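1. need a 3D model of the following:
(one chain, ligands or ions: 2)
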Amino acid sequence: MRPAMTSINKTQLPAMRLKDIQSCMKLWKQPMYRAKQIMEWCNKGVLDPHLMRTLPIPLQNRLSEELLCMPLSKKQMLESKDGTRKYLFHNQKNRLAESVFIPETTRGTICISSQDGCVFDCPFCHTGTLPFNGNLSCGEITAQVLMIKNDLRENPAHNELCGVVTHLVYMGMGEPLANEDALHQSIAVFLDKHGLNISRRRITVSTSGVVPAIQRLGEAFGVNLAISLHAATDKLRDELVPINQKYPLHMLRECLDAYPLPKQRHITLEYVMLAGVNDREEDIAALRAFVNPEREKLNLICFNSFENNPYKSSSTEHINQFSQALIKHGIRTTVRRSRGSDIMAACGQLAGKEHG
Ligand code: SAH
Ligand code: SF4
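-> Ligands and ions are numbered 1, 2, ... in the order given. Coordinates of the predicted model:
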């Protein structure tokens, strides 16, 4: 007899593509059309087999016994005044995954976590100050999106799209390129044309600059790339983004130049504005020397403060002046509006007291 599998080792339903569900149905001697039915429920965000009404009860039971259908449980949901929703999920090992839904007039974006915590320790980032509790699996990454879709179906958002999910960004907790296998698998699930079928142009991976993994990401998927730049000299970047000590700016430069980019598209360079630290005249000069305006755009981000952190955000006025100066020098520059800061859902603020 086969030993009973602990649920942690079971195949996770949200990590399965249609072809995987089809293989499973074949193995279980089920008609093939069942696979499509299951996929359709998953695409709606319904992961509990007992709610998959079109399936016979014995199949519902077998799915829930033999697969891990819901690798995450919802712990909390907070909605901001601006409609942004922050979700806190936990997995079976009590790892946390925090995700944010951002409704805008013409798009609905989900910001996904790839790890519980982060080992990269950027000193201005809240996640970096927390203990690292491990990687999230592919199914735990994709389940964040499916569970939010389910919540939006039951409780629609108030934007014109009523909460349709159009874009995904890996900008939640963790460094996605330090969890490369699960990242790649999850992107493949999102791209699956029988699954959520999200175009690679609507998926963005944000990284602090793990150079070899950026190359592999470009070769495998060519999704949109965002780089946490934050400083354009090695001296300052070594401090603000410590992975720079391993992959300094000249290596990042080479890898960005080689990243596959469709026409009219740009790599986003994220730059959090820290008063007196990286917002000086000399930083404008360093940015002019580093940025390739043909292929890259700069996104200035207000620093979101949190307890016991020494940094201060540059003032809005200063950020606007900094942005104007860069635009004058031919660098496409935008300023990111902060969303959901009243519920600690803004960039770098995810993961609250629950992390102890
Ligand atoms: N680890 C990845 C993705 C997660 S962080 C990365 O570093 O890119 C997502 C973005 O939020 C990054 O650009 C990060 O630098 C930025 N960020 C982190 N802490 C922040 C803070 N306190 N205020 C504003 N942005 C912050
Ligand atoms: Fe990790 Fe990104 Fe935060 Fe740096 S900014 S500590 S890489 S999550």
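
2. L13 and L47 touch, don't they?
-> Yes: counting by CB atoms under 8 Å, L13 sits close enough to L47 to count as a contact (6.0 Å). (Each C-beta comes from the backbone N, C-alpha and C, glycine too.)

3. give me the common contacts of these two.
-> Each of 69-70 lies in contact with both L13 and L47 under the rule CB atoms under 8 Å, 6 or more residues apart in numbering.

4. stretch 108-126 close to ligand 2?
-> Yes: under the criterion of CB under 6 Å from any ligand atom, stretch 108-126 makes contact with ligand 2 via 118, 120-122, 125.

5. and ligand 1, which of these contact it?
-> C125.

6. most neighbours, which of the residues of stretch 108-126 next to ligand 2?
-> Ranked by neighbour count (other CB atoms under 10 Å), the residues of stretch 108-126 next to ligand 2 have C125 at the top, with 26 neighbours.

7. send over the helix or strand hosting L298 as CSV, restricted to the C-alpha atoms.
-> Per DSSP states H and E: L298 is located in strand 296-302. As requested, C-alpha coordinates have been extracted for strand 296-302 and formatted as CSV (Å, rounded to 0.1, in the frame of the first residue of the first chain):
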residue,chain,number,x,y,z
GLU,A,296,14.7,52.5,-19.8
LYS,A,297,12.4,54.7,-17.9
LEU,A,298,12.7,55.9,-14.3
ASN,A,299,10.0,55.6,-11.8
LEU,A,300,10.4,57.8,-8.7
ILE,A,301,8.7,56.4,-5.6
CYS,A,302,7.8,58.3,-2.4
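
8. same for that strand, what does it pack against?
-> Other helices and strands packing on strand 296-302, by 3 or more CB pairs under 8 Å, 6 or more residues apart in numbering; DSSP states H and E, are strand 267-273, helix 316-328, strand 333-336.

9. does any bit of the second one sit next to ligand 1?
-> No: residues of helix 316-328 contacting ligand 1 under CB under 6 Å from any ligand atom: none, with a closest distance of 12.0 Å.

10. orientation of that helix relative to strand 267-273 in degrees?
-> In this structure, helix 316-328 runs at an angle of 150 degrees to strand 267-273, with axes from the mean of the first three to the mean of the last three CA atoms, to 10 degrees as the basis.

11. now helix 316-328: buried residues?
-> Going by neighbour count (16 or more other CB atoms under 10 Å), the buried part of helix 316-328 is 319, 322-323, 326.

12. ditto for the shortest one
-> For strand 333-336, burial by neighbour count (16+ other CB under 10 Å) applies to 333, 335-336.

13. turn the residues you listed into CSV, columns for distance to ligand 2 and pLDDT.
-> CSV is the format used below for the buried residues of strand 333-336 (distance: CB to the nearest ligand atom, whole Å; pLDDT from 0 to 100):
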residue, distance to ligand 2, pLDDT
T333, 20, 98
V335, 19, 95
R336, 14, 87
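
14. distance of whichever residue of the stretch 51-200 of the chain sits closest to ligand 1 from N304?
-> Closest approach between the stretch 51-200 of the chain and ligand 1, counting by CB to the nearest ligand atom: C125, at 3.4 Å. When CB to CB, to the nearest Å is the yardstick, C125 and N304 sit 10 Å from each other.

15. over to Q60?
-> 44 Å.

16. now K36
-> 43 Å.

17. also F290?
-> When CB to CB is the yardstick, F290 and N304 sit 24 Å from each other.

18. show me which residues of the stretch 101-250 of the chain sit near ligand 1.
-> On the criterion CB under 6 Å from any ligand atom, ligand 1 has as its neighbours in the stretch 101-250 of the chain the residues 124-126, 171, 175, 206-208, 228.

19. hmm, try it at 5 Å
-> Taking CB under 5 Å from any ligand atom as the criterion, the stretch 101-250 of the chain approaches ligand 1 at residues 125, 171, 175, 206, 208, 228.

20. mind listing the helices for the stretch 201-350 of the chain?
-> Taking DSSP state H, counting those that start in this stretch as the criterion, the stretch 201-350 of the chain carries its helices at 211-220, 234-240, 249-258, 281-290, 316-328.

21. now the ones you listed in TSV, with mean pLDDT and distance to Q264?
-> Formatted as TSV, the entries for these read as follows, by pLDDT from 0 to 100; distance: least, CB to CB, whole Å:
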stretch	mean pLDDT	distance to Q264
helix 211-220	98	17
helix 234-240	98	29
helix 249-258	98	17
helix 281-290	98	22
helix 316-328	97	19
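
22. so which of the ones you listed comes closest to L274?
-> Ranking these by their distance to L274 (criterion: CB to CB) puts helix 234-240 first, at 7.7 Å.

23. can you list contacts of that closest one?
-> With CB under 8 Å, 6+ apart as the test, helix 234-240 has contacts from 122-124, 229-231, 244-245, 248-249, 274, 277-278, 283, 286.

24. list the buried residues in that helix.
-> 236-240.

25. closest one to ligand 1 out of those residues, please.
-> For ligand 1, the nearest member of the buried residues of helix 234-240 is L240. The distance, counting by CB to the nearest ligand atom, is 8.8 Å.

26. what's the single longest helix in this structure?
-> Taking DSSP state H as the assignment, the helix of the chain that covers the most residues is helix 138-154.

27. quick one: buried residues of that helix?
-> 138-152.

28. near ligand 2 at all, the helix or strand following it?
-> Sequence order places strand 167-170 as the next helix or strand after helix 138-154, per DSSP H and E. No: where contact is defined by CB under 5 Å from any ligand atom, no part of strand 167-170 touches ligand 2; the two come within 10.2 Å at best.
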